[in-house]
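Colleague: how does the following fold in three dimensions:
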Amino acid sequence: MAPGILVEEAQSTADASPSVFKHKNAYRNQDAPRDIFPDGIRTSGQHPPLYDVLKPYAEFPKEIAGPTVWKREDFVNNPERWVHPFTDEEVQELSDTADAFIASGTPLTGISQENFPLPKLGTVLTNLRDDLLNGKGFILFKRFPADVWGAEKNAVAYMGLGTYLGYFLSQNGRGHVLGHVKDVGDDPTQIHTVRIYRTTARQFFHADDGDIVGLLCVHRAQEGGESDIVSVHHVWNTLQQEHPDVAELLTKPIWYFDRKGEVSEGQQEWVRQPVVYLENGGKGRLYCKWDPYYVKSLTRFSDKGLIPALSEEQLRAMQILEETCQRLALHMILEVGDIQFLSNAHLLHARTAYKGESSSSFLSFPVFTGGWL
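Modeller: Numbering: from 1, shown residues only. Sure thing, here's the model as predicted:
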């Protein structure tokens, strides 16, 4: 059995590839306003792999073992293993620190452990960071006073917690570091331009580009909007048992992902890479880079013969991957004041479609209704 993921130091994608975006809606890193971005813009971006060092399928593990491999039944009736209600003492420490940060006048994008000290709760978060990267890969915090503190304090406290888990990354060309999973009226059928989290449509199983992703619930939908997560390594083991041909196809660099117009000068509008890939070195981590919307949205290029259209084998693999994830997933319903942190390295997550929400349910006051710039 191959080991599960092991990480000594969290390294954000941005550390390896600093932002040099020149998209019409993007800042270049050297032009970033330092009163807003004291440390420049950190962005995950989308970059092609080093094709000559990609591992062939023959070198991939047939089975993965370790704490990153978990089943729904391990947790569904054991909330104490993955749910952490904030204590009154932890809430007070977080509240006092958020108030002090706001009073300092420091921009939200300049928040750090140094100016957001959490002597007690910080220890909890530091230990959690290792479990997110090397263990089960998820946690659900409860009792965050989102309905009491208001938009600015919620944003500051939430971002402050994140400083103990890693660097903030922007995942769009506008440099937003705090996004909103909210219906802003975008058309979910226009997947070549629209990001699905800005609609009420279902988000199929996918991983975001940063190492860790967080979600603070500030408002419940009238119906739906529920969360599902699944262990990539358990999915891999299942595919090896049930559909080894699909597992092999996912390791081949034949998958094209849409950049949706967020390109640097000289880059193509897409990235070609595997869905599942194996890390070089002794630890041999297995990662999954996947979002079906970013694969399906490229017909505007495949119709012109610029890239290959999805084959029947690829379409079948996509269906089997989604069905396997649905069958194995742990389901959770987030309430107001819940915070979900997930690993993107060895988890996939999904959201059900939803109906109805309050027009005032923004976490912060956004720029372009997309995030806090």
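Colleague: excluding covalently adjacent residues, which one is nearest to Trp270?
Modeller: Tyr256 (4.8 Å; Cβ to Cβ, 6 or more residues apart in numbering). In short, each C-beta sits where N, CA and C put it, glycine included.
Colleague: verify the stated contact: Ala157 with Gly150.
Modeller: No - judged on Cβ atoms under 8 Å, Ala157 makes no contact with Gly150 at a distance of 10.6 Å.
Colleague: spell out the secondary structure type for Tyr287.
Modeller: strand (DSSP: H, G, I helix; E, B strand; the rest coil).
Colleague: ugh, typo on my part, it should be Leu342
Modeller: Per three-state DSSP, Leu342 ends up strand.
Colleague: tell me, how many residues neighbour it?
Modeller: 22 (other Cβ atoms under 10 Å).
Colleague: same check on Val275?
Modeller: A count of nearby residues for Val275, using other Cβ under 10 Å, gives 26.
Colleague: contacting residues around it?
Modeller: 250-251, 255, 288-290, 321 (Cβ atoms under 8 Å, 6 or more residues apart in numbering).
Colleague: how about the residue lying closest to Val275 once chain neighbours are set aside, what does it touch?
Modeller: Counting by Cβ to Cβ, 6+ apart, Leu250 is the residue found nearest to Val275 once chain neighbours are left out, at 4.2 Å. Contacts here follow Cβ under 8 Å, 6+ apart; on that basis Leu250 touches 239, 274-276, 317, 321.
Colleague: now, which of the residues you listed lie within strands?
Modeller: Val276 (DSSP state E).
Colleague: and which of the contacts of Leu250 is nearest to Asp228?
Modeller: Nearest to Asp228 among the contacts of Leu250: Leu321, at 13.8 Å, using Cβ to Cβ.
Colleague: what about the strands in the stretch 251-373 of the chain?
Modeller: Ranges of strands in the stretch 251-373 of the chain, per DSSP state E, counting those that start in this stretch, are 255-258, 270-273, 276-278, 286-288, 330-332, 339-343, 347-351, 354-355.
Colleague: sorry, back to before: Ala157 and Gly150: who's more crowded?
Modeller: Neighbours were counted for Ala157 and for Gly150 using other Cβ under 10 Å; Ala157 has more, 25 against 10.
Colleague: low pLDDT regions in the stretch 151-300 of the chain?
Modeller: 171-175, 179-202, 221-225, 281-283 (pLDDT under 70).
Colleague: quick one: the helices in the stretch 151-300 of the chain, in order.
Modeller: Secondary structure of the stretch 151-300 of the chain (DSSP state H, counting those that start in this stretch): helices located at 151-162, 232-242, 244-250, 292-296, 299-302.
Colleague: what would the ones you listed look like in CSV with distance to Arg327?
Modeller: Output for these, formatted as CSV (distance: least, Cβ to Cβ, whole Å):
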stretch, distance to Arg327
helix 151-162, 32
helix 232-242, 8
helix 244-250, 14
helix 292-296, 17
helix 299-302, 28
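Colleague: quick check: the farthest pair among the contacts of Leu250?
Modeller: Leu239 and Pro274 (13.8 Å).
Colleague: how much space is there between the most centrally placed residue in the chain and Val218?
Modeller: Most central in the chain under Cα atoms, centre = their mean is Asp208, positioned 3.3 Å from the mean C-alpha point. Distance of Asp208 to Val218, given as Cβ to Cβ, to the nearest Å: 19 Å.
Colleague: ok, the contacts of Leu250 vs Asp245, which is closest?
Modeller: For those, the nearest to Asp245 is Ala317 (8.2 Å; Cβ to Cβ).
Colleague: need the contact list for the closest one.
Modeller: Counted by Cβ under 8 Å, 6+ apart, Ala317 has contacts 246, 249-250.
Colleague: swap the cut-off to 6 Å and go again
Modeller: 246, 249 (Cβ atoms under 6 Å, 6 or more residues apart in numbering).
Colleague: and the gap between Ser311 and Asn134?
Modeller: From Ser311 over to Asn134 (counting by Cβ to Cβ), the distance is 36 Å.
Colleague: what about the two, which has more around it?
Modeller: Between Ser311 and Asn134, counting by other Cβ under 10 Å, Asn134 is the more crowded of the two (19 against 11).
Colleague: check what pLDDT that one gets.
Modeller: pLDDT recorded at Asn134 is 93.
Colleague: need the three-state assignment for Ile139.
Modeller: Once three-state DSSP is applied, Ile139 turns out strand.
Colleague: ok, now which ones touch it?
Modeller: 128, 341.
Colleague: now it: how far from Glu313?
Modeller: Note on Ile139: its distance to Glu313, by Cβ to Cβ, is 37 Å.
Colleague: mind listing what's buried along stretch 81-92?
Modeller: Neighbour counts over stretch 81-92 (16 or more other Cβ atoms under 10 Å) mark 82, 84, 86, 90-91 as buried.
Colleague: strands - which of the residues you listed land there?
Modeller: His84.
Colleague: now flag whichever of the buried residues of stretch 81-92 is closest to Thr352.
Modeller: Trp82 (19.6 Å).
Colleague: what sits against the closest one?
Modeller: Trp82 neighbours (Cβ under 6 Å, 6+ apart): Phe75.
Colleague: what do you get if the cut-off is 7 Å, keeping everything else the same?
Modeller: Trp82 is in contact with 75, 136, 138-140, counting by Cβ atoms under 7 Å, 6 or more residues apart in numbering.
Colleague: same check, this time on Met318
Modeller: Pro292.
Colleague: at 8 Å what do you get?
Modeller: Going by Cβ under 8 Å, 6+ apart, the list of residues near Met318 reads 292, 295, 310.
Colleague: cool, thanks, talk later.
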